[in-house]
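Asks: I would like the atomic coordinates for the input below:
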Amino acid sequence: MGMPPVRPLAERRVATHFLDAGAVSMADAIPFAPGTPSRQRAFERLKGADVLRTDGQGRWWLDEERWSSRRFDRRTRVVMAMLAVAAAGAFAALR
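Replies: Numbering: from 1, shown residues only. Predicted structure coming up:
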């Protein structure tokens, strides 16, 4: 059995925190204190990708458009990887 995708899960938990709090605009920004090291790393990744933005006063909000784009890009990479593995398997089976 494979390992679960830890990074995407941690990022989703952080994003869900902001979505559940309604922090999706600068006016609705909230403070964030990650409870675990994995959530701290996810928070840093999302900040670096401009998915999480600051109001300049230590509060943060989620840019929903960038979050959706990030999730779509990740899904696209997974599908492409699965297609490559399937093609390699088909090639090996037909040899």
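Asks: Contacts for stretch 10-29, please.
Replies: Contact with stretch 10-29 is made by 30, 32, 34, 38-39, 41-43, 45-46, 51-55, 57, 59-64, 67, 70, as judged by C-beta atoms under 8 Å, 6 or more residues apart in numbering. Quick note: C-beta positions are derived from backbone N, CA and C, even for glycine.
Asks: how long is it from one end to the other?
Replies: The first residue of stretch 10-29 is 20 Å away from its last residue (C-alpha to C-alpha, to the nearest Å).
Asks: State whether Pro34 is indeed within a strand.
Replies: No: the assignment for Pro34 (DSSP: H, G, I helix; E, B strand; the rest coil) gives coil, which keeps it out of a strand.
Asks: Can you report how many residues lie near it?
Replies: When neighbours are defined as other C-beta atoms under 10 Å, Pro34 has 16 of them.
Asks: okay, now the closest residue in space to it that isn't next to it in sequence: neighbour count?
Replies: Using C-beta to C-beta, 6 or more residues apart in numbering and skipping the chain neighbours, the partner closest in space to Pro34 is Gln40 (4.2 Å). For Gln40, the number of neighbouring residues by other C-beta under 10 Å comes to 15.
Asks: Can you say which helix or strand has Gln40 in it?
Replies: Secondary structure from DSSP states H and E places Gln40 in helix 37-48.
Asks: Give me the helices and strands touching that helix, please.
Replies: helix 6-20, strand 52-54 (3 or more C-beta pairs under 8 Å, 6 or more residues apart in numbering; DSSP states H and E).
Asks: chain center to it, what's the gap?
Replies: 9 Å (C-alpha atoms, centre = their mean, to the nearest Å).
Asks: So for that helix, what gets flagged as buried?
Replies: Going by neighbour count (16 or more other C-beta atoms under 10 Å), the buried part of helix 37-48 is Ser38, Arg39, Arg41, Ala42, Phe43, Arg45, Leu46.
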